[in-house]
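S.K.: output the structure for:
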Amino acid sequence: MSASAAPAEAVPRTMPLWLTLVLATACGLLVANLYYAQPLTGPI
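M.R.: Now for the predicted structure:
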């Protein structure tokens, strides 16, 4: 075995900031949708 056959060091992968913001916004809208509809359940 040669030294070049050694496994490469693992590089940690991180999510890009824009993807974090998109997912956070989507989660916020989903939760807001559940709460905003509660006062309208009677009229609906």
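S.K.: neighbours of Leu19, how many?
M.R.: If you count neighbours by other CB atoms under 10 Å, Leu19 ends up with 10. All C-beta atoms are positioned from the backbone trio N, CA, C, and that covers glycine.
S.K.: what does Thr20 give?
M.R.: By other CB under 10 Å, neighbour count at Thr20 equals 11.
S.K.: repeat for Tyr36
M.R.: By other CB under 10 Å, the burial measure for Tyr36, its neighbour count, is 10.
S.K.: again with the one 3 residues further on
M.R.: Counted with other CB under 10 Å, the neighbours of Pro39 add up to 8.
S.K.: pLDDT score for it?
M.R.: Pro39 is assigned a pLDDT of 85 by the prediction.
S.K.: for Trp18, see how far away it is.
M.R.: 34 Å (CB to CB, to the nearest Å).
S.K.: Leu40 too?
M.R.: Distance from Leu40 to Trp18, by CB to CB: 33 Å.
S.K.: all the helices of the chain, in order from the start?
M.R.: Secondary structure of the chain by DSSP state H: the helices cover 17-36.
S.K.: can you list the weak-confidence ranges in it?
M.R.: Across the chain, the ranges flagged by pLDDT under 70 are 1-8.
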